[in-house]
Structure formats: C-alpha cells, structure tokens
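Trainee: From the sequence below, what's the structure:
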Amino acid sequence: SGHALLTEAPIEVANIIGGFLLTTPVPRKVVFDPSYYNGDKEMFDDLERTQALRTQSEQEFVSPESDSLDSSSCSEDLILSESKPSILVIPSVLDMESFSIDMVSNHGKTKGVFGIGWGTTSRKRENEERRGFIIQLSSSVDNHVGVGEVAPLPGLHTETTVEAGDQLQILRDFFNSENAYDLPALDANKALALDGAITSYVDEIANESNIGAEYLLNSVRTGLEMALIALSSQVCQLPLHQAISANIPGIISSPNAVFLPINGLITADTSSVVGVDGISLKKKVSPVDQPPSLRRPYNLPGVQHMSYPSLKVKVGSKEVKKDAERLFQSFSESGSGMVRADANRMWNEKSAISFVSALDQLEHNILDHLEFIEEPLEKQKDGDGALAAQVKALEKLYCFCRIPYALDESLADLVAYHQREFSAIASALREALRNANGCTAFVLKPALLGFELSVQLARFATAEGIGAVFSSSFDSGIGLSYTAFIAAASDSLTTPTISKSKQERKLYSHGLGTFQMLSEDTLSPPFSAYVSMEGKLDISSLERELYGLSIDELRDSSSPWAGATISSPDEVIQGIAPSTFTSSSSVRGRQVNLKASLPLPFSDKKACDRFTDLPQQSRWSPWLRSVEYVAAEDGRTETEWTLDILGKPFRWRAVSTISSNPRGIIWESVSGLRNEGVAQFQKTSDDSCVLHVDVSFMTPRAITYLFRGGSKFESFLREKLLKWSLEMFRDVVKADLALERGDVELGDALFGAVEGRASAIEVTLSFANGTIAKN
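Mentor: Numbering: from 1, shown residues only. Below is the predicted model:
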C-alpha cells in the first residue's frame, strides 16, 4: 500500500512528510553502556556530554514558521519554507598546536624582514620568524572540525604569542570542563552571514570561560572566528567561500570559478628593486579573469618571475626622495602595471607633498598609475573625533595633490576606541566621510580587526562607493586562505546606486602576497601552490582543499615531531624469522612507533610486488579510501593517500623508494599527516617470507579522542589496526593467488575473512564513538 500511495499521489505524500519534518523534531536517544568502557569515567562522561549537547541541538531545531504550517494548503510545487530552518553548530573540544616559520626577504636569500608594523618602531624592527598557534574546534556530535590561526604580529598586535597561548590554554580547559555545557548552539547560517552572530558567540565563549569579552585578545578572537566559520560551513556542507557567499547580505551570486587578484609587496628593507630579481607587474585585472595558465612550484617559497596586477611599496622613510625613486623604479621596470604606496602614518603634510612632487618630477605619467597612498599622514589626534581630524587632514592633502588615499591604521584605532561596536563605528565613519572625496579604499586586516567586523566594514565601504582591500598580517596559509575567501566574497558584493557626491567603488587587488616572505607554510600544499604566475589566486581549488581540513593534515611546522625512531633497512631484519605475529609499540603524546613481523606463505618477490603496488593498499586497509600516484612539481613521483576515520577524510602525500636486496619499500610523508616507515620481506624459502614493518606516525585526533590514549589505545593500534591490516594483506594475496590458479572456493573464503576483519575494526571505532545503542 505504501508503494501504491507513492505511485498514485507522490506530491500529497511529500507535502505531509515535509510538514511533519518541519513541525516535529525527531527524538534520538543513545544509551551508553558504562561497563563497556571498563571504568573509564572520563570517556563515559564525555559521551554523556555528547548526548546532552545533541539533545539541546534537537530542542533548538525548530522552524520559525512551524506553528503556522498547514500541510493541506501546500501547493503542488513542494514549498516547505521560505526561510531555512536553523542549522546548529555545537563546538565541544578545542585543540591547539604551536608553529614557528622563518621569515625571509630578497626572495628567500636573507633571513628576517625589516619594516613590519605601524609607526616609527617599524623602521628599526626586524622580524625573523612568525610564531603562533593553529587551533581546532571540534563538534563531537557530528565529527566536524574547524581550524583557525592565532598569530600575533610584533609591531601590529599589542599582545605577545605567550599571552595568546595563555588565553588559548584557558579556553581549552573551559571546553574540557562542565562549564562548557551551558554554551548555547550557534546558528550556522547566521554565523556565515558575518553580520554580528559570530562576535556575539565569541563574546559568550570569552565570558563563560572567565576571560571576559573585553579582555579577549584580538589574535585569539580572530582564530576562534575562523574555526567557527569553518565549522559552520561544514554543517552546511559547503566549501568556505561558497558558504560565506551564500549567506553574506548583499551578494546576489558568486561565480563558480574565482581567480582573486593579489598584489606583490616591496618592504622598506628590500635591497633589490622589483623587476631586477625577475618579479614584474601586469595590467590591472578584474577579480574574475581567464584561468591561470601556469602554477609556481609550491615547494619553493620565494620563487622568482611571478607577475602581479599591482605592487605595494613600503615608503615613509625620512628621505622622501629616495622613497619616490624606489617606487618609480619599481613602476618603470614593471611595464604597464599599477603601484600603490604605504606610508604607515610616517609623514607630515610637508613630507607627503614632497613625495608626490618628487614622483612627478621623475615621471609625470607615474601619478596616473599610482592607485593610492595608505595613511600618508601622521596621526592628528587621539580619542573622540580622531577619525574626523585624520580624514580632514587627508582631504586637504588630496585637494592639493589629487592622489587618493586609503584608511588602515585609522580604522584599527576607531575599532579599538568603540570597543568593536559596529553601529558606533559606522556612525563615526559616516560622519567623518560625509564630504570626503579622496578616500578610495579601506585596507582591512582580519587578523587584527576580526573577520566578521572586516566584512561589516567592507559592506559599509561598498555602500559608500569605497573599495575594500583585504590585507594579511604576514599570516601563514591558514590565515591567508580565510582572508582570501572573504576578500572574494567582498568583491562580489552588489554596488548600490551611488549618489552624485560619491565615486563608483573600485575593485583592487588584495594584500595577500606576503606568503613569499615565509620560508614554510602551515598548509600542505602551501598557499603559494594556488597562486598563478600572473598573481591570481585560485579560490575554487583552495576552498576544495580546505574543506573539512583538520590540524592533523597541516604541515610539520604545526605538529611537533619528536624525531622518528624508524630503523634503518639493515636493522629491520635481525635474527631468526618469527613463526607467528610479533609486535611492539611506543607512544609519546600523539606520536606512535609500531614494529611488527608476520610470516607469509608466499615468496618475498610476490609479497613485495603486491605490497609496493600502492594503489592496492586500500584492499587490505579498509580505512584507506584511496592511494593514487601523482606527479610532483619537481618531476618526482609521489603518492596521495586518503584515510577515512568515521567518515572524516585525512590526506597526505608521500615519497617512497623500493629496495631490491632485501626486497622492500621505504616511505616518508611530504605533506599532511606525518608518517614514515619501512617494510621489508625476509626470504625464508622459495615459497615463504616474513614481512617486517617499522612505522612512526602522528595519530589523528579522531582516534586519540575516542580512546583517550593509555594502554587501550596502544592495544588497539598494535593488536587491531596493525595486526589485522598485515593479516588482511596476507589473506588478500592468498586469495588473489588462489583465484589465479582457479581455486574460487578458497579465494572467496579468504576474501570473506578480510571483510570480517574490516567490519570488526569499524565496529570497534563505532563503539568507542558512542554510536551503538544498547537496547
């Protein structure tokens, strides 16, 4: 009868089901058996907490129109609701890893970068490294994760890395305590709109953790915002840029393929001028242009010969004529590119005029290619009315020299003065810019201002006919990626009808070229891999790679590696070959070393040939989704591995070498999950051998979170994951050999044994995750 109803009246059935789903949350109850966890109260309590959070999510999942829905009044076109029901995010675990990356200048030839930061201190400041933390917020309800970057920049942020780390530790303790149970769920769609919900939620986290919203450090706030944005995109099942673009007010549509123009950077200490080392400029391009024709090698930071639609030159020295000469030389060697200057409030009015005059004397035409000067004038006033006084002075300079200006530090001061209250910030901006004509752009640094507030300022700028330039704070690839996504979304904002007193908004390239001043990256492949030789960032490819990204997939710079304990090939095979499976293990934090040996009933040649056919590995390792050969940028062959744990994919790339005497393989990851090892086949007869494996790896948190470490964790890795994997390899090869000689019955039986072990491992993980209900 059910089939008949669906056949005869599908629309009516769909209407009734749709009405029921919108009005009635489906109750779910998972009953946990405490005896299974052998007295591990911490694990049991955590699973109980997961159930409580899930129940809270269901109680809050109510459509705003559910009370008025009448299924009988639905039209034949199934319209369930004009507004989407709430999709809730429930962060419940915070992890963190520190990183340290050397800063370089002159295309990687010199360690350290001078001239970073604001004010006179930047003239003498040298930054040799970028230090910070990658944080991860996880949802234990659905295994979603979101990462963020917390990296205070000396000269820009007022806090230190140590102070940021202290606050992160408080937050981590908070999420691991019962106090976090009172934290409400976050509406994912509202969060992705970046219009106030994220700020309110982060404030609540700060208050509930006893840090206090007013004392939450800017860098920590920014990192939390990133992680929450990523979590929200995960539950909405959309990559980051698409999720943001689908929710930010004012974006009608966003193209599927987005190539974001970025500008290059010449710092004050650059000894060689752009062009001499092969960097050149190109004509200004729109955000959406032809696909990049050639990618730069992602493993060679600071690669030369990259073009940019625009170049930013740091100026503001005491010798303005030399500043003008540096900018002019950069322009003259760039052909027909565009340039912009950044004075960081280092000049008085006289110096600023002298700079423009010096440029004009060098080449009158260059002023037509100068996009703007960032903050050319020293700070005019503190406190109330500071912005109005600054804009008044800048307008006076603009009237004299007709060079547009951009606001940067003035925005940061305004945000700090009004304690991030956007309505007050917007009111002050509106008043200060009421009669302004020279302000052509807001330079927005999300690492300092926060991502949500930066988007709000970009929307304000768009409404005023002012461009929005998103700029990095020498962030690693994590921070750069998030900045790129909101920059691309900002460029897609619809421009309202501009009054005659306002100029049309211009689209500028964004300040994301600082990746060339970092010797490494937290992303792998790094951010630079997605930048074309023409200086355009492939947003679509980047967002696909970051979808669902976890800390475990980041580069070594964000995962401390205590030094591998891998034996050399000659040391793996020692003594008499064992007759049964043997194993040993050691655990240091999340780093694990496993050694095992297993006799095999076939020759070392057959064993090695099958084992080193790497795409076949998923046949005996069911948690491996795939292994594929890929061509690396430097010409060598790599393999790309995808691991699947409870539906969460983890990826890495590895290089390997096959040995012939003894037969075996040595491998090492070059990106993603850190691991390395050696497998060798000890010949015992013409028809038998022993497989010896020695492997070291950084365990994904998805596993350590389930087992909470300890002896149970080691036992699972050694006696289940490793032993059964090797036995499954043995049985798969035996089955293949049986089928090759026509013994179908034996082959099928062996494959059945392999499937049984795979199911047993999955059940073990499911039990640990608390997803099996006890009746």
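Trainee: what sits against residue 396?
Mentor: By C-beta atoms under 8 Å, 6 or more residues apart in numbering, the residues touching residue 396 are residue 349. Bear in mind the C-beta positions are built from the backbone N, C-alpha and C, glycine included.
Trainee: Go again with 7 Å.
Mentor: Contact analysis of residue 396 by C-beta atoms under 7 Å, 6 or more residues apart in numbering lists nothing.
Trainee: Quick check, pLDDT for it.
Mentor: With respect to pLDDT, residue 396 has a value of 96.
Trainee: Starting from the host helix or strand of it, tell me the next helix or strand along the chain.
Mentor: According to DSSP states H and E, residue 396 maps onto helix 386-401. On the C-terminal side of helix 386-401, the closest following helix or strand by DSSP H and E is strand 405-407.
Trainee: any residues touching that next one, and which ones?
Mentor: By C-beta under 7 Å, 6+ apart, strand 405-407 touches 372-376, 394, 398, 438-443, 469.
Trainee: And the furthest pair within these?
Mentor: Across the contacts of strand 405-407, the longest distance by C-beta to C-beta is 17.6 Å; it joins 398 and 469.
Trainee: These two: which has the busier surroundings?
Mentor: Set residue 398 next to residue 469 and count neighbours by other C-beta atoms under 10 Å: residue 469 wins out with 29 against 21.
Trainee: That one bridge partners, please.
Mentor: residue 443 (DSSP bridges).
Trainee: That one contacts residue 506, doesn't it?
Mentor: No - judged on C-beta atoms under 7 Å, residue 469 makes no contact with residue 506 at a distance of 9.8 Å.
Trainee: so residue 147 bridges to which residues?
Mentor: Counting by DSSP bridges, residue 147 is bridged to residue 136.
Trainee: which residues touch it?
Mentor: Shown in contact with residue 147 (C-beta under 7 Å, 6+ apart): 134-136, 226-227, 230, 478, 549-551.
Trainee: redo that, cut-off 6 Å
Mentor: 134, 136, 549 (C-beta atoms under 6 Å, 6 or more residues apart in numbering).
Trainee: before we move on, what about residue 435?
Mentor: Residue 435 neighbours (C-beta under 6 Å, 6+ apart): none.
Trainee: From residue 388, how far out is it?
Mentor: 11 Å (C-beta to C-beta, to the nearest Å).
Trainee: go on, residue 721?
Mentor: 65 Å.
Trainee: Give me the number of neighbouring residues for residue 414.
Mentor: Using other C-beta under 10 Å, residue 414 has 21 neighbouring residues.
Trainee: Which residue comes closest to it once chain neighbours are left out?
Mentor: Spatial nearest neighbour of residue 414, excluding adjacent residues (C-beta to C-beta, 6 or more residues apart in numbering): residue 387 at 5.2 Å.
Trainee: Report the contact partners of that neighbour.
Mentor: When the contact criterion is C-beta under 6 Å, 6+ apart, the partners of residue 387 are 410, 414, 428, 432.
Trainee: Of those, which pair is most distant in space?
Mentor: So, these by C-beta to C-beta: farthest apart are 410 and 428, at 10.4 Å.
Trainee: So between the two, which is more surrounded?
Mentor: Neighbour totals were compared for residue 410 and residue 428, and residue 410 leads with 26 against 18 (other C-beta under 10 Å).
Trainee: these two touch, right, the more buried one and residue 389?
Mentor: No - under the criterion of C-beta atoms under 6 Å, residue 410 makes no contact with residue 389, lying 9.8 Å away.
Trainee: And the residue nearest the centre of the chain, its phi and psi?
Mentor: The residue lying closest to the centre of the chain (C-alpha atoms, centre = their mean) is residue 478, at 4.2 Å. Residue 478 adopts backbone torsions of phi -60, psi -60, taken as degrees, to the nearest 10.
Trainee: Would you check how far apart it and residue 491 are?
Mentor: 21 Å.
Trainee: Residue 533 too?
Mentor: Going from residue 533 to residue 491 by C-beta to C-beta gives 21 Å.
Trainee: Looking at the two, which one has more neighbours?
Mentor: Higher neighbour count among residue 533 and residue 491: residue 491, with 24 against 15, using other C-beta under 10 Å.
Trainee: And the more buried one, what's its pLDDT?
Mentor: With respect to pLDDT, residue 491 scores 92.
Trainee: and it, how far is that from residue 200?
Mentor: Counting by C-beta to C-beta, the separation of residue 491 from residue 200 is 27 Å.
Trainee: Pass me the low-pLDDT residue ranges in the stretch 651-775 of the chain, would you?
Mentor: Applying pLDDT under 70 to the stretch 651-775 of the chain flags the ranges 700-713, 757-758, 760-775.
Trainee: Strands of that one, start to end?
Mentor: Counting by DSSP state E, counting those that start in this stretch, the stretch 651-775 of the chain has strands at residues 663-672, 675-685, 688-698.
Trainee: Any chance of these in a markdown table with mean neighbour count and distance to residue 105 as columns?
Mentor: Converted to a markdown table, those look like this (neighbours: other C-beta atoms under 10 Å; distance: least, C-beta to C-beta, whole Å):
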| stretch | mean neighbour count | distance to residue 105 |
| --- | --- | --- |
| strand 663-672 | 21 | 25 |
| strand 675-685 | 20 | 33 |
| strand 688-698 | 22 | 32 |
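Trainee: Residue 354: what's it in contact with?
Mentor: With the criterion set at C-beta under 6 Å, 6+ apart, residue 354 makes contact with residue 320.
Trainee: Quick check: which element contains it?
Mentor: Per DSSP H and E: residue 354 is located in helix 349-362.
Trainee: Pull out the buried residues from that helix.
Mentor: Within helix 349-362, the residues that qualify as buried are 351-356, 358-359, 362, counting by 16 or more other C-beta atoms under 10 Å.
Trainee: ditto for stretch 737-756
Mentor: Quick answer for stretch 737-756 (16+ other C-beta under 10 Å): 737-738, 747, 750-751, 753-754.
Trainee: Number of residues surrounding residue 345?
Mentor: 20.
Trainee: Let's verify it: helix, strand, or coil?
Mentor: Here residue 345 is recorded as coil under DSSP: H, G, I helix; E, B strand; the rest coil.
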